[in-house]
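Trainee: Okay, structure incoming, though there's no sequence with it:
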């Protein structure tokens, strides 16, 4: 996906900050610990603190969420990215 090919400086503008709030924006490899959601992911030898996601990803929520708004790259940086994601939420 074109989002992941953006320069790091661009993704830093919309980075997801670690908090108990819903995730919005860009997250780096090994930044999150969603592996902890399933106990069988532990695999016997690792500790919970060592489990990190080995993927970079982008999180967005419903466009109507004004309390936790989405973070988007600018239309100049990534034209046509925001509209299809918001359209998907409208269909759900």
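Mentor: Received the coordinates, thanks. Please read all numbers here as calculations on a predicted model, not as lab measurements.

Trainee: just checking, what's the longest helix in the chain?
Mentor: helix 82-91 (DSSP state H).

Trainee: so how far is that helix off the chain centroid?
Mentor: 16 Å (CA atoms, centre = their mean, to the nearest Å).

Trainee: That one: which residues count as buried?
Mentor: residue 82 (16 or more other CB atoms under 10 Å). Backbone N, C-alpha and C define where each C-beta goes, glycine included.

Trainee: quick one: contacts of it?
Mentor: 60, 61, 62, 63, 70, 72, 75 (CB atoms under 8 Å, 6 or more residues apart in numbering).

Trainee: Please tell me I have it right and the first one contacts residue 22.
Mentor: No - under the contact definition of CB atoms under 8 Å, residue 60 does not touch residue 22, with a separation of 9.7 Å.

Trainee: Would you format the contacts of helix 82-91 as CSV with secondary structure and neighbour count included?
Mentor: CSV is the format used below for the contacts of helix 82-91 (DSSP: H, G, I helix; E, B strand; the rest coil; neighbours: other CB atoms under 10 Å):
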residue, secondary structure, neighbour count
60, coil, 20
61, coil, 14
62, coil, 12
63, coil, 14
70, coil, 19
72, coil, 20
75, coil, 11
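
Trainee: from these, which is closest to residue 17?
Mentor: Closest approach to residue 17 among these (CB to CB): residue 70, at 13.8 Å.
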